Structures are given as structure tokens and as C-alpha cells.
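# would you be able to build a 3D model of this:
(one chain, ligands or ions: 1)
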Amino acid sequence: MKALITLRTLKYFTSKPRNSQPFKSILLSHFFSAEPERNDSENDNSDSVFDSSHYTIPNIDANTTPQELTWDEKYRRRADKLVFGKETQKSKLKILREREEEERRRALAKALLQAALQRPDDEDEDEVVREEDQKSLSVGIIGAPNAGKSALTNFMVGTKVSAVSRKTNTTIHEVLGIMTKGETQICFFDTPGLALKSNGYPYKDMKARVDNAWSAIDLYDVLMVVFDVHRHLTRPDSRVVRLIERVGTKAKTNQKRLLCINKVDLVEKKKDLLKVAEQFKDLPGYDRCFMISGLKGAGVKDLIKYLMEQAVKRPWDEDPVNMSEEVMKNISLEVVREKLLDHVHQEIPYGIEHRLIDWKELQDGSLRIEQHFITHKLSQRKILVGKRGSKIGRIGIEANEELRSIFKKEVHLILQVRLK
Ligand SMILES: Nc1nc2c(ncn2[C@@H]2O[C@H](COP(=O)(O)OP(=O)(O)OP(=O)(O)O)[C@@H](O)[C@H]2O)c(=O)[nH]1
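Modelled structure (predicted):
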């Protein structure tokens, strides 16, 4: 009888709606971690590969309806009657129905939550704007490492375009983020963090990287300097003030420059913010100063409004409905990199080569993405792979789930850790 109850309980969970997968995931992960220990030799690559098809990933489709129970109701009633008697059978069925109802309620609540979280701008997406009506603006975002450039870009664009993490210099290349609203399209360029000496000029060893960033900034219609006000109030850095001053003194008459005093949410005493505003109020070369929190969104609406007003009549650079493949590829790299940084706390991610190896749209509309981490140290490979592939597996599961929700399609992510 116990066996029958267990069987029925298991059957209940496995016949639950698709959006209640975590239980299955727990089961699978338990089975996975119970695998016999394998030999982690240099040539044994089996545990260094994460393949999303081996894992169950929660379905995020809001329209998912609970699946029907697969066991025929007639046989269920007969079996329950024989085993439990009439009354018990009724109450068991009642419990099952209540659970189903609860699942349905949860699915509905989730769908409502998703609808509420959707940006109102999404309504504009299907509108076709004639080329002669289109307006464009290019915005370069510049600032000291960790100032919050990536978080602000992500907030404005609405998708993950840049890896956000607690470590500095996480932005490894320029990533384009696009915001299209009505007739206006704004392209954001996220520049790598600039490390500066106290005179406001770059260190020699960083020169190539920094020169790149500096030479690009003249090309933008608007240049936004992002500045971490919390850091300024707690651990002031003269290099950052010099960076702000230096950008202001660069002569370029038709380029608008903005100062974004960021992370205001971290400042407890608001009068401290006034002091900072006072300090920068007569700064030459800047058109506007905004107090914002790029992470929480405070003040970002005003900033976007200002940017929309600066847009000029010029055809859009990007198709607003379909993300260009190049942007999607960058997003896939950034999302995986962000998960890597979340799970590997040592400095090693910076020494590891991270490459997109394959990108294919499959016949069923899903995406097959293969990325490799390449290292020349066996010790680094071991850290990345984790015990019996647990670390690379976790990175893969989380990245896969996020990519599915960004691209709104099935993603088959394959990650591999290789030795050079
Ligand atoms: N509280 C708070 N934290 C923020 C805000 N903006 C960014 N952060 C955090 O600050 C850290 C750095 O943010 P990033 O967006 O990666 O900074 P970045 O300027 O792009 O950094 P680099 O890539 O190193 O140049 C992350 O931990 C963010 O979550 C903000 O407005 N408020």
C-alpha cells in the first residue's frame, strides 16, 4: 500500500503542469549528483561539457495550461474504490482537484505578473515607421570601472547586453544596446572601464584598450559620464573627478555631454547629494546633470525623456523588431560570462578565453549555441568544471534559462571547458 501511495505521489508530481518543473529538476539533480565518481584525467572531457538537452528547464510560457492527468479517471475511481473505499477515494480526489486548482491559480498569477512586468513600450513594437520619419541617436556611456555603466545600459535597453558583476572591468568589449520607442531609436555604446592615473590620463599598459575607448567617444551624438556618487562620498577618487573634468574640456561643439550621478539609492543622507551637485554645478562642457540609480531605475525616466528629445532625423541603424544576430550573439556571450562570474569567485575568469564556437537556428525554430572556455591550466579547468561537472552544469542551466527568456525561444546551450 505504501508503494502505491508513493507511486501516486510521484505520478502527481510528474503529471503536474509544465511550469511546476522545479521538483523534477530537484529529482534530476539528485540523480545526477548520485552518479559514480569518474576519473578526472586530462583527456576525460565528459564532465567538462554542459548540454542543456540533458536538463529539464522550467517552462516560462505564460499561456501554459495544466496538463490533464494521464491516468484514466474511470480506472482511478475503480482502483481508489477497491483500495481506499468510497469515502477515502472521494477525499483523495478532492485533494487532487484542490492541488490542480492551486497550480492553475499559480500559473495565472505568474502570467499576470509577467504581463505587469512587461514594459508599456512593447505595444509600439509592431508599428511600422517609414524611413523618412525615423529619428536616431547614438549615446556613448563612459565612466570609471564599477560606476554602473552596464547596469544602466541594461535598465534602459531592457535586456541583458552587458555582464553586470561586483568585479571591475567586466565589460570585455563594446556592446550595442538598442531602445526603439515610437519614431525614435537610441543606440547605446557601453565602453570598457577606463583606468586613469591621477592626472586623468591612462596607464601605459592599458593604453591600447583605453585608446580605443577614447577614440570612439567623439563619434557619439551624446556622451554620458556615469559617476558612482556613493563611492565618491565614502572613498573619493581624484582620478574620477579628473575624468569628468577631462571629458568636459574636450572641444566638440555638436556633441552633448551629460553627467549621470549614479547609485543615489545607496546614499542615505540626501543632503550629501546636494553637496555633490553643488560641487559639479559649474562644471564646463556639460549640458545636463542627472541624479539616477541605474540599477533601481530612479531618475532614469527623465534621462530617457531627455535623450529622446535629442534624437535627429536619420534612418535607424537596426531593425527594431528582430534583434540582429550579432547583438544576440553578444548577449549570449555576456549572459554566460555573467553566470561564470557569479559562480567562480577567483580572479580566474579574466585569464580564460571565452569563445562562441557555433550558432545555429534549428528547423524547429530553436537556437543551438555552443561556447567554449579555453584555459592552459589544468587547475583552472578543474575549478570551472567543478565536482563531476557541477559548476559548469549550474552555469549552463542558469544561462540557458535566462537566454530563453530574453530570446523568447527554446535555446540549446552547450558549454565546454577545454585545455589549450
Ligand atoms: N545600489 C546600486 N548598485 C548599482 C547601481 N548601478 C550599478 N550597481 C552595482 O555596481 C556594480 C558594478 O556595476 P556595473 O554595471 O557592472 O559597472 P560598470 O561600470 O559597467 O563596470 P565595468 O564593466 O567594470 O566598467 C554591480 O554590482 C551593480 O549591481 C545602482 O544604481 N545602485
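# next structured bit after the helix or strand harbouring Ile395?
Under the criterion of DSSP states H and E, Ile395 resides in helix 390-407. Next along the chain after helix 390-407, taking DSSP H and E as the criterion, comes strand 411-419.
# of all the residues in that next one, which ones are buried?
For strand 411-419, the neighbour count (16 or more other C-beta atoms under 10 Å) marks 411-418 as buried. Glycine gets a C-beta too; all of them are placed from N, C-alpha and C.
# same question for stretch 229-241.
229-233, 239-241.
# distance between the ends of it?
11 Å (C-alpha to C-alpha, to the nearest Å).
# check stretch 226-244 too.
For stretch 226-244, the end-to-end distance is 9 Å (C-alpha to C-alpha).
# what pairs with Thr180 across the strands?
Beta-bridge partners recorded for Thr180 (DSSP bridges): Gln185.
# and it, what pLDDT?
Thr180 is assigned 81 on the pLDDT scale.
# the strands in this protein, which residues?
Using DSSP state E, the strands of the chain run over 49-51, 135-143, 175-181, 184-190, 222-228, 256-262, 288-291, 312-313, 353-361, 367-375, 411-419.
# looking at these, which is nearest to Glu325?
The closest of the strands of the chain to Glu325 is strand 353-361. By C-beta to C-beta, the value is 7.4 Å.
# show me the contact partners of that closest one.
325, 329, 332-333, 336-337, 340, 367-375, 414, 416, 420 (C-beta atoms under 8 Å, 6 or more residues apart in numbering).
# quick check: Gly294 vs the ligand, distance?
Using C-beta to the nearest ligand atom, to the nearest Å, Gly294 is found at 4 Å from the ligand.
# quick one, what contacts the closest residue to that residue other than its chain neighbours?
Among residues not flanking Gly294 along the chain, Leu152 sits closest, at 3.0 Å (C-beta to C-beta, 6 or more residues apart in numbering). By C-beta under 8 Å, 6+ apart, the contact list for Leu152 reads 141, 226, 260, 262, 292, 294-295, 300.
# so Gln327 sits against Phe188, correct?
To be clear, residue 327 is Val; Gln isn't right here. No. Val327 lies out of contact with Phe188 (C-beta atoms under 8 Å); the separation is 11.5 Å.
# which one's more surrounded, those two?
Phe188 (26 against 18; other C-beta atoms under 10 Å).
# show me what contacts that one?
139, 141, 153, 156-157, 161, 176-179.
# now these in JSON lines, with neighbour count and distance to the ligand?
Output for the contacts of Phe188, formatted as JSON lines (neighbours: other C-beta atoms under 10 Å; distance: C-beta to the nearest ligand atom, whole Å):
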{"residue": "Val139", "neighbour count": "22", "distance to the ligand": "15"}
{"residue": "Ile141", "neighbour count": "28", "distance to the ligand": "8"}
{"residue": "Thr153", "neighbour count": "27", "distance to the ligand": "8"}
{"residue": "Met156", "neighbour count": "21", "distance to the ligand": "12"}
{"residue": "Val157", "neighbour count": "21", "distance to the ligand": "13"}
{"residue": "Val161", "neighbour count": "24", "distance to the ligand": "11"}
{"residue": "Leu176", "neighbour count": "18", "distance to the ligand": "15"}
{"residue": "Gly177", "neighbour count": "25", "distance to the ligand": "12"}
{"residue": "Ile178", "neighbour count": "21", "distance to the ligand": "18"}
{"residue": "Met179", "neighbour count": "22", "distance to the ligand": "17"}
